[in-house]
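Enquirer: I need the structure of the sequence given here:
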Amino acid sequence: MKAFNINEQLMLGVCYYPEQWPEEMWEDDMIRMKETGISLIRVGEFAWSIFEPTEGNYQFKDFDYMLRLAHKHGLKVIIGTPTATPPAWLTEKYPEVLNATVEGHLLHHGLRRHTNYTSTTYHRLSAAITEALVLHYKDNPAVVGWQLDNEFNCEIGEFYSESDHEAFREWVKQRYGTLEKLNDAWGTVFWSQTYSSWSQVHLPRLVPGGKQPNPHLALDEKRFISDSVIAYAKIQADIIAEHAPHHFITTNGLFGHLNSHQLTKELLDFFSYDSYPQFSTINTDPKEKRPLYDRSWSLTLSTVRSISPQFCIMEQQAGPGGWVNKMDMPSPKPGQLRLWSYQSIAHGANLVVYFRWRTATFGQEIYWHGLNDYGNTPNRRVAEAAKVGKELQLLSDQLAATTYQADVAIVRDYNNEWDGEYDVWHGPFGWKSGKEWFKALTRKHIPSDVLYMNEETTLAELQRYKLLVYPHPAIMSKATAQLLEAYVVAGGHIVFGCRSGYKDQRGHCYMLPFPGVLSTLTGITLEEYTVLKGTRPATTLTCSDQSTLEAAHFNEIIQPVSATVDVLAVYDQDYYKGKPALTQNRFGKGTATYYGSVFSEEAAHYILQQLDVVSTPAPWLDLPEQVELALRGNEEEQYYFLLNYNEQPAEISLHEPAVDMITNQTLQGDIILEGYDVLILRKA
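Expert: This is a model prediction of the structure:
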């Protein structure tokens with residue numbers, strides 16, 4: 001039995017780096033952690049040179065003392081395996097463990113994540129430090145779990161060392177079996193790329209024009225990287241599972257070229273994520289209409305929730321952030337640290353671990369602030385964290401066993417994400433359309449999930465939702481198309497955007513009229529399509545209710561082929577004026593809507609209005625747009641999170657009585673939710 005179950009309680013933690021501070025500070029730190037409401041610390045993920053200062057020479061004395069202090073003060077501990085930051089002796093002695101650029105230049109020691117996942121030498125050394133740590137700490141009373149490595153594929157998610165090319169060649173052999181099948185999958189007859197020997201097969205390399213690989217090779221490259229990460233992680237997970245089966249196993253991240261769903265299903269007890277909402281704010285496109293800023297982080301948290309319904313935030317932003325040379329983020333305003341903490345909890349986090357306890361005084365992250373500043377004196381961020389810690393003690397029993405509730409899912413899949421990194425004819429549209437749909441849903445106070453489709457997805461999983469939004473699935477297998485047909489026939493509703501259904505899993509275009517294998521479900525074909533670029537400005541549409549929409553980036557001219565198709569909007573300019581741009585097909589008991597463009601928030605609003613199948617789960621609440629509504633619940637009770645992302649107060653009306661879960665007061669009528677404030681309600 002695991003010593004810690006993430007489903008049983010809400011907890012607050014903090015990242016702690018005792019190796020960076022004088023030993024005489026440690027106990028005072030832990031006393032103050034407990035006073036702040038912190039009950040767990042994460043340690044060790046960057047301490048390989050402390051644990052193994054020379055090869056085979058393991059030193060645990062300092063961490064043993066720190067763990068005794070943690071246990072003395074009632075702090076549970078997660079230990080990170082330190083394999084993201086190998087010591088200098090290792091990379092000097094074994095340069096074959098280093099990653100390389102596409103040009104073949106080695107990436108040297110000096111930052112982190114400079115190794116590859118395929119070196120058998122690195123496998124051996126990683127297994128050795130992991131086993132040494134686990135054997136030493138498996139019975140330590142403070143330790144409850146392990147974090148594998150740290151942020152797989154952070155900093156870099158491409159690998160071109162000699163061992164990577166060799167491992168890729170073996171991976172390809174296992175996947176295809178014969179050169180004939182490989183050549184067919186990659187379409188190598190084009191431009192005479194045909195392989196006649198396995199020795200000719202490599203990961204992408206430089207070609208005329210730079211790095212421009214065969215697109216089908218580029219897709220398989222991403223699949224290979226993901227499999228390599230998972231195989232590497234399994235080495236460590238197997239050691240922990242064998243020697244410390246009573247400890248949980250997790251890892252943190254959500255970086256590219258990694259199937260985190262597969263990783264979690266095969267190796268982890270739950271998934272963990274590092275939540276920095278200001279990344280959304282500082283990376284907002286200045287041309288974006290009505291940006292959500294830090295509220296858009298809820299969409300990312302929805303992705304995390306698709307991996308683990310209840311998860312851990314292993315690093316929750318606790319202050320201004322930045323390395324000495326990049327990512328300069330401003331300080332959270334009063335209330336924002338608490339708001340972001342509850343943003344994570346509302347979306348499924350049961351354990352929130354702040355990064356970090358105290359701001360580092362040296363190193364690359366000296367400006368990545370923790371709860372405490374350099375001077376180690378009380379500040380408002382520590383006070384906010386303490387407020388959250390106190391509140392979680394009140395909320396834990398009611399909320400811990402609940403999960404996020406939604407009737408709508410924004411659908412994604414890894415094949416299209418990876419293919420879309422290279423294919424500009426659909427890749428740039430996926431994230432934009434998903435974000436615009438999220439804007440429309442959250443501003444109408446309709447909670448939504450993210451759902452990742454794969455070969456194992458079942459009809460029952462789809463039928464948890466009344467509405468699926470699958471914006472631009474260029475790659476669509478015949479089996480997935482049939483599954484979606486079954487979902488709609490049974491009464492489900494689905495929405496597609498342009499560039500859907502026309503590629504198979506190899507990335508080849510079907511020899512079918514577009515939208516390929518989705519033509520039966522949507523009841524349409526496409527007459528023609530065009531990118532809107534250069535002399536082709538965005539077009540406008542006239543909708544069936546005489547409203548207008550802008551259709552930007554891409555236009556498809558739709559031709560209904562089924563009598564069950566209704567035209568909801570037509571183009572009103574260019575040579576396709578009057579032709580269908582938005583259609584809805586009645587298919588069995590449900591509908592399939594097809595939009596021949598890239599979604600905007602306005603287009604999503606219009607389609608929601610026409611469908612009229614989902615609505616807010618709290619019609620007894622009047623909420624302004626600035627407030628997010630999130631819903632956690634179970635069969636017994638529903639809990640409504642109201643999060644105000646605006647600095648200004650929000651006016652809210654409760655038409656029915658509800659209990660404030662933090663104050664235990666019954667509320668009704670008009671109330672004010674202060675700027676950056678949070679309210680958690682249950683119906684009275």
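Enquirer: Apart from its neighbours in sequence, what residue is nearest His247?
Expert: Nearest non-adjacent residue to His247, counting by Cβ to Cβ, 6 or more residues apart in numbering: Gly145, 5.0 Å away. To be clear about C-beta, it is placed using only N, CA and C from the backbone, and glycine gets the same treatment.
Enquirer: Looks to me like that neighbour is in a strand.
Expert: Yes - the assignment for Gly145 is a strand, going by DSSP: H, G, I helix; E, B strand; the rest coil.
Enquirer: Any idea how many residues pack against it?
Expert: 26 (other Cβ atoms under 10 Å).
Enquirer: do you know how far it is from Tyr452?
Expert: Separation of Gly145 from Tyr452 (Cβ to Cβ, to the nearest Å): 25 Å.
Enquirer: And Arg412, by the same measure?
Expert: Distance of Arg412 to Tyr452, given as Cβ to Cβ: 5 Å.
Enquirer: What of Thr250?
Expert: Remark: distance between Thr250 and Tyr452 (Cβ to Cβ) = 19 Å.
Enquirer: Return the residues in contact with Pro334.
Expert: Residues in contact with Pro334 (Cβ atoms under 8 Å, 6 or more residues apart in numbering) are Arg380, Glu384, Tyr676.
Enquirer: can you count the residues close to the second one?
Expert: Neighbourhood size, Glu384 [other Cβ under 10 Å]: 22.
Enquirer: any chance you could map the strands in the stretch 51-200 of the chain?
Expert: Listed in chain order, the strands of the stretch 51-200 of the chain (DSSP state E, counting those that start in this stretch) span 76-80, 143-147.
Enquirer: Revised request: answer the last question for the stretch 201-350 of the chain.
Expert: Assigned by DSSP E, counting those that start in this stretch, the stretch 201-350 of the chain shows strands spanning 248-250, 252-253, 272-275, 311-317, 349-355.
Enquirer: could you point out which element follows the top strand by length along the chain?
Expert: Longest strand in the chain, counting residues (DSSP state E): strand 650-660. Note on strand 650-660: by DSSP states H and E, the next helix or strand toward the C-terminus is strand 666-673.
Enquirer: So which other helices or strands are in contact with that following strand?
Expert: Contacts defined by 3 or more Cβ pairs under 8 Å, 6 or more residues apart in numbering; DSSP states H and E place strand 666-673 against strand 650-660.
Enquirer: Just the residues contacting the strand it packs on, thanks.
Expert: 620-624, 626-627, 640, 642, 644, 665-673, 679-684.
Enquirer: how about 7 Å then?
Expert: Strand 650-660 is contacted by residues 620-624, 626-627, 642, 644, 666-673, 679, 681-684 when judged by Cβ atoms under 7 Å, 6 or more residues apart in numbering.
Enquirer: Stretch 241-253 now?
Expert: Applying Cβ under 7 Å, 6+ apart, the external contacts of stretch 241-253 come out as 1-4, 134-135, 138, 143-152, 154, 233, 237, 240, 267-274, 312, 314-315.
Enquirer: Relative to the whole chain's centre, how far out is that stretch?
Expert: Mean-position distance between stretch 241-253 and its chain equals 21 Å (Cα atoms, centre = their mean, to the nearest Å).
Enquirer: domains of the chain?
Expert: By the record's domain assignment, the chain is partitioned as 11-155+217-401, 408-611, 621-683 (automatic domain parsing).
Enquirer: avg pLDDT for the longest one?
Expert: When you say that, I think you mean domain 11-155+217-401. Averaged across domain 11-155+217-401, the pLDDT comes to 97.
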